[in-house]
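# pasting the sequence and the predicted model now:
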Amino acid sequence: MLQHHSLEPRKPARVVVIGAGGFVGGAITQKLADAGIVVKPVTRNELNLFADDAGKRLASMLRADDTVVFVSALAPARSSALLMQNLGMATQAIAALTAQPVAHLVYVSSDAVYADDASPVTERSCCQPSSMHGMMHAARELMLKSELKMPIAILRPSLLYGARDPHNGYGPNRFRRQAEKGEPITLFGDGEEQRDHVYIDDVAELASLVLLHRSSGILNIATGVSNSFRNVAEQVVKLARNPVEIRGTPRQNPITHRHFDITDCLKAFPQFHYTPLSVGLSRAAQVSRGS
């Protein structure tokens, strides 16, 4: 569970977002800017985390009173090569934060660190990743916690969706793109698996709350409501401008569900409310259409 080091919300002196050019980093950067928080976005244009001197260059950008949001990653990490590249990026970030410690660090991880059949998932569930992507985030978490001496908050979002997501992973983002093109939505099996889908704006909002309270510890970012992929596809079809077919396929893998117990989130931020799936899908469709 999170520990708030500032019981009353207080704006950080400055927030440095490493990975501000990405889907999640961009949303967090925009949220902070809209809230009037001084933010320094760091993208690939400003810093190449693969360069040998990346740690030294990043350290020169930082101040002791900064809050750092580390969200930069090559994702999804599906190979050993990508795994090692991501760990190299974390090594450079750690070198910078060791040379120039900051007031607070927020790392955006993933619920992939948990076992596939973990249900219900809580912040105390055992980390047992079954994918390279999950292993990458679990290793990064351990590296940061072991080597840095500062308040660290680790955020573990469930499946994210939003209009600007560059990935085309199975779920709301792919379904919406297929529907916009008038293509059939293809499900694995009949889409029975239930997952917790989170709208990107909720991630940005919770990240900002963690920053305002200078929180440390672990927080799962999940709505507490799981929907089947079939249900998601049906909601996407309702929002489509033209009729779209939903197709099932022969099942290749066993059916697994994932549910979250979000008690810790409710205790940490009782005034926060997640965006219902129907509302989030509608907003994503409007943004993608420019309306």
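Yep, it's here.

# list the buried ones in stretch 2-21?
Neighbour-count burial for stretch 2-21 flags 2, 4, 12, 14, 15, 16, 17, 18, 19, 20, 21 (criterion: 16 or more other C-beta atoms under 10 Å). Every residue, glycine included, has its C-beta placed from N, CA and C.

# again, but for stretch 237-255
Buried-residue list, stretch 237-255, by 16+ other C-beta under 10 Å: 237, 239, 240, 244, 246.

# helix, strand, or coil at the spatially closest residue to residue 40 that is not a sequence neighbour?
Leaving aside its chain neighbours, residue 40 sits nearest to residue 16 (4.7 Å; criterion: C-beta to C-beta, 6 or more residues apart in numbering). Here residue 16 is recorded as strand under DSSP: H, G, I helix; E, B strand; the rest coil.

# would you map the helices across the chain?
Using DSSP state H, the helices of the chain run over residues 23-34, 54-61, 80-99, 132-147, 172-180, 200-212, 229-239, 263-268, 277-289.

# give me the mean pLDDT for stretch 139-152.
For stretch 139-152, mean pLDDT is 97.

# just the CA trace of that stretch, in CSV.
C-alpha atoms of stretch 139-152 as CSV (Å, rounded to 0.1, in the frame of the first residue of the first chain):
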residue,chain,number,x,y,z
ALA,A,139,13.8,-6.7,-12.7
ARG,A,140,13.6,-2.9,-13.2
GLU,A,141,11.5,-2.5,-10.0
LEU,A,142,14.1,-4.5,-8.0
MET,A,143,17.0,-2.6,-9.5
LEU,A,144,15.4,0.8,-8.5
LYS,A,145,14.4,-0.3,-5.0
SER,A,146,17.7,-1.9,-4.3
GLU,A,147,20.1,0.8,-5.5
LEU,A,148,18.3,4.1,-4.8
LYS,A,149,17.8,5.8,-1.5
MET,A,150,14.7,8.0,-2.0
PRO,A,151,10.9,7.6,-1.7
ILE,A,152,9.9,5.4,-4.7
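
# which residues does that stretch contact?
5, 70, 83, 86-87, 90-91, 93-94, 97-98, 101-107, 109, 113, 127, 154, 214-216 (C-beta atoms under 8 Å, 6 or more residues apart in numbering).

# and that stretch, how far from the chain's centre?
Distance, stretch centre to chain centre, for stretch 139-152: 18 Å (C-alpha atoms, centre = their mean, to the nearest Å).

# again, but for stretch 137-147
Centre to centre, stretch against its chain (C-alpha atoms, centre = their mean), the figure for stretch 137-147 is 16 Å.

# now do stretch 7-24
14 Å.

# can I get that stretch in CSV? Just the C-alpha atoms.
C-alpha atoms of stretch 7-24 as CSV (Å, rounded to 0.1, in the frame of the first residue of the first chain):
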residue,chain,number,x,y,z
LEU,A,7,-0.8,14.3,3.8
GLU,A,8,-2.1,17.4,2.1
PRO,A,9,-1.5,17.7,-1.7
ARG,A,10,1.4,19.9,-2.5
LYS,A,11,2.9,20.7,-5.9
PRO,A,12,6.4,19.4,-6.5
ALA,A,13,9.1,21.9,-7.3
ARG,A,14,9.5,20.3,-10.7
VAL,A,15,8.6,17.0,-12.3
VAL,A,16,11.0,15.4,-14.8
VAL,A,17,9.2,12.9,-17.0
ILE,A,18,11.7,10.4,-18.6
GLY,A,19,9.8,9.0,-21.6
ALA,A,20,7.5,12.0,-22.1
GLY,A,21,7.1,11.2,-25.8
GLY,A,22,5.3,7.9,-25.2
PHE,A,23,1.7,7.1,-24.8
VAL,A,24,1.8,7.0,-20.9
